[in-house]
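[1] model this:
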Amino acid sequence: QVQLVESGGGLVQAGGSLRLSCAASGRSISSYTMGWFRQAPGKEREFVAAISWSGGGTYYADLVKGRFTISRDNAKNTVSLQMNSLKPEDTAVYYCALDSISSWGPRPDYGMDYWGKGTLVTVSS
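    The predicted structure follows:
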């Protein structure tokens, strides 16, 4: 079993930046694809970014490409999401997730097996 805890959310003005962190415990994440997802009020949860086990492969939703950067530190068992040029439409609860099946990147359906409880990001206009 693995536990994922997100941190770093908060209120930021449009154009600003935030860095989210995800700390894992109970299992090493070094062999697994990790991802970030988000869910805005009244909307379904959506894929944001993912990173392969080594960090050599990164994947982004079109909406965040060029603004967000996912990274990982396997030695510290953490994953981060640097978010720049934030927009009001980025407002959502952001979730960290682990894919216990795939090491090389997200599955076609972006399925994940373990989830954190989320951290709220609010971007004001």
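[2] for S125, which non-adjacent residue is spatially closest?
    P88 (4.7 Å; Cβ to Cβ, 6 or more residues apart in numbering). All C-beta atoms are positioned from the backbone trio N, CA, C, and that covers glycine.
[3] at the geometric centre of this protein, which residue sits there?
    What sits nearest the mean C-alpha location of the chain, by Cα atoms, centre = their mean, is W36, with 2.1 Å.
[4] assumed that residue was part of a strand.
    Yes: counting by DSSP: H, G, I helix; E, B strand; the rest coil, W36 is found in a strand.
[5] on that earlier part again, so the residue nearest to S125 makes contact with V123?
    Yes: with contact defined as Cβ atoms under 8 Å, P88 counts as touching V123 (5.0 Å).
[6] which neighbours do the two share?
    A14 (Cβ atoms under 8 Å, 6 or more residues apart in numbering).
[7] the more surrounded of those two?
    Ranked by neighbour count (other Cβ atoms under 10 Å), P88 and V123 place V123 first, with 20 against 11.
[8] separation between the more buried one and S30?
    Distance check for V123 against S30: by Cβ to Cβ, to the nearest Å, it reads 32 Å.
[9] just S54 next, same as before
    Distance from S54 to S30, by Cβ to Cβ: 9 Å.
[10] look at these two and report which has more neighbours.
    Higher neighbour count among S54 and S30: S30, with 15 against 12, using other Cβ under 10 Å.
[11] these two touch, right, that one and S52?
    No: counting by Cβ under 8 Å, S52 is not a contact partner of S30; they are 11.1 Å apart.
[12] contact partners for V12?
    18, 86, 121-124.
[13] helix, strand, or coil at G16?
    Applying three-state DSSP to G16 yields a three-state assignment of coil.
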